[in-house]
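S.K.: give me coordinates for this.
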Amino acid sequence: MPTGITVGKKKGLERVSNSRGVIAALAIDQRTALRSLIAKVKGVAPEAIPGVMLREFKEAVSRILTPHASAILLDPEYGLPAAKARAKNAGLLLAYEQSGYDKSVPGRLPRLLEHWSAKRLVDAGADCVKILLYYSPSSGAVINNSKHTFVECIGAECRAVDVPFFLELVSYQEGMEDKSREFAQVKPEVVTKSVEEFSKHQYGVDILKVGVPVSMPYVESAPGAERDWVYSRAETKEYFRQSSDAAGVPFIYLSEGVSNELFDDGLQLAAEAGATFSGVLCGRATWKDGVPIYVSGGLGALENWLGEQGVRNIERVNARLAAARPWFACSASDSNATASRAGNKGP
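M.R.: Numbering: from 1, shown residues only. Next comes the predicted model:
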């Protein structure tokens, strides 16, 4: 058990974990991304997609897939009906940040939802609070100092109401396309340095939610991967070990919008590398392919797809969690993470 964990934080983490202390959670807090996915299929501008479609889609995903998950991550803007529709076994994480970032301002700076606070999210039923942060260790001092201060303030706010704080790190590099081969070459270092930074005690992070430390389409022999791969499978596993060793708090993986097959391969590589991840918060790899079904066939068609392929997708991810470590077996101390994990080899 991490040293010094409070009663409220312990309760919240238990609520979003399975019986082993592993987080097998479903993520559908997407707002801009989901609207864009629907709009692309319909052939219209994203702003033409009404909020009711987002609510209906999220509610169907929650109702049908949460019996197979330990928790669901939603947003308070469109996701509260879905929160009510979740299975009794599933805990609730709520997002606190606005979707996306202001592209007219450099640095991909974070913004909080207006009229919400950590306390209000808890009052709305949240067992845990989640913040998404775009982060590049090589950004200028002004930008990163702003982000460091932002996370410290959220950590303090979550401590004040005794709720677990999940920090989702989305890696990027200024001047590079996120899906480019160029970024794939630097991503392992970006992820590892980011994990190391936000494991520091000053931020008050309880769980880090991170992408795998490589760009999976550029991994040798990965399903549907680029032929001009960047990393061998042996190199990939070494990057998994390095980023895992950099973590001083428990961490879980997000799917970063890749296919279910690619995410499954990434989790297999994490297991083979001995990465000490404590579960997943998996979103689009589970439900993204249901979007065109919904657009073309409506709610009934989506429900049928979720009940069959959606369930298969989430169970495929769940099967990979046999290699995950309980969050309470991981150290909360940034000074002794590696030593702590060495004594906790079992699943």
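S.K.: now the strands for the stretch 151-300 of the chain?
M.R.: Remark: strands assigned in the stretch 151-300 of the chain by DSSP state E, counting those that start in this stretch are 165-171, 207-210, 251-254, 279-282.
S.K.: now distance to Asp127 too, for those strands, in JSON lines please.
M.R.: From N, CA and C alone the C-beta is placed, and that goes for glycine too. Formatted as JSON lines, those follow (distance: least, CB to CB, whole Å):
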{"stretch": "strand 165-171", "distance to Asp127": "10"}
{"stretch": "strand 207-210", "distance to Asp127": "12"}
{"stretch": "strand 251-254", "distance to Asp127": "15"}
{"stretch": "strand 279-282", "distance to Asp127": "13"}
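S.K.: just these: most buried one?
M.R.: strand 279-282 (a mean of 29; mean count of other CB atoms under 10 Å).
S.K.: what strands line up against it, and which way round?
M.R.: Using DSSP bridges, strand 279-282 pairs in its sheet with strand 23-27 (parallel), strand 251-254 (parallel).
S.K.: before we move on, the earlier item: just send the strands of the stretch 151-300 of the chain back as TSV, with mean pLDDT too.
M.R.: Formatted as TSV, those follow (pLDDT from 0 to 100):
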stretch	mean pLDDT
strand 165-171	98
strand 207-210	98
strand 251-254	98
strand 279-282	96
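S.K.: so Leu73 belongs to a helix, correct?
M.R.: No. Assigned with DSSP: H, G, I helix; E, B strand; the rest coil, Leu73 falls outside any helix and is strand.
S.K.: got the confidence number for it?
M.R.: At Leu73, the model reports a pLDDT of 98.
S.K.: Ser335 too?
M.R.: Reported pLDDT for Ser335: 35.
S.K.: swap in Ala339?
M.R.: For Ala339, pLDDT reads 36.
S.K.: equivalent analysis for Leu306, please.
M.R.: In this prediction Leu306 is given a pLDDT of 98.
S.K.: next one: the one 10 residues further on
M.R.: As predicted, Arg316 sits at a pLDDT of 97.
S.K.: low-confidence stretches in this structure?
M.R.: Scanning the chain for pLDDT under 70 picks out the ranges 1-4, 226, 331-347.
S.K.: and the helix or strand hosting Ala60, what does it pack against?
M.R.: Per DSSP states H and E, Ala60 falls inside helix 51-65. When contacts are defined as 3 or more CB pairs under 8 Å, 6 or more residues apart in numbering; DSSP states H and E, helix 51-65 sits against strand 23-27, helix 32-42, strand 71-74, helix 80-85, helix 284-287, helix 291-305, helix 311-319.
S.K.: which among the ones you listed is found nearest to Lys119?
M.R.: Lys119 sits nearest to helix 80-85 of all the helices and strands packed on helix 51-65, at 16.1 Å, using CB to CB.
S.K.: pull the distance from the closest one to the chain's centre.
M.R.: Its chain's C-alpha centre and that of helix 80-85 lie 19 Å apart, by CA atoms, centre = their mean, to the nearest Å.
S.K.: show residues contacting that helix.
M.R.: Applying CB atoms under 8 Å, 6 or more residues apart in numbering, the contact partners of helix 80-85 are 28, 55, 58-59, 61-63, 72, 74, 92, 94, 124-125.
S.K.: next structured bit after that helix?
M.R.: Helix 80-85 is succeeded, C-terminally, by strand 91-95 (DSSP H and E).
S.K.: that following strand to strand 165-171, inter-axis angle?
M.R.: Taking axes from the mean of the first three to the mean of the last three CA atoms, to 10 degrees, one finds that strand 91-95 is oriented at 60 degrees with respect to strand 165-171.
S.K.: who are the packing partners of the next helix or strand after strand 91-95?
M.R.: Counting by DSSP H and E, the next helix or strand C-terminal to strand 91-95 is helix 118-123. Other elements packing on helix 118-123 under the criterion 3+ CB pairs under 8 Å, 6+ apart are strand 128-135, helix 141-160.
S.K.: again, 7 Å this time
M.R.: In terms of contacts (3 or more CB pairs under 7 Å, 6 or more residues apart in numbering; DSSP states H and E), helix 118-123 is not packed against any helix or strand.
S.K.: can you tell me which residue is spatially central in this structure?
M.R.: Leu254 (3.8 Å; CA atoms, centre = their mean).
S.K.: so that one touches Lys209, yeah?
M.R.: Yes. Applying CB atoms under 7 Å, one finds Leu254 in contact with Lys209, separated by 5.4 Å.
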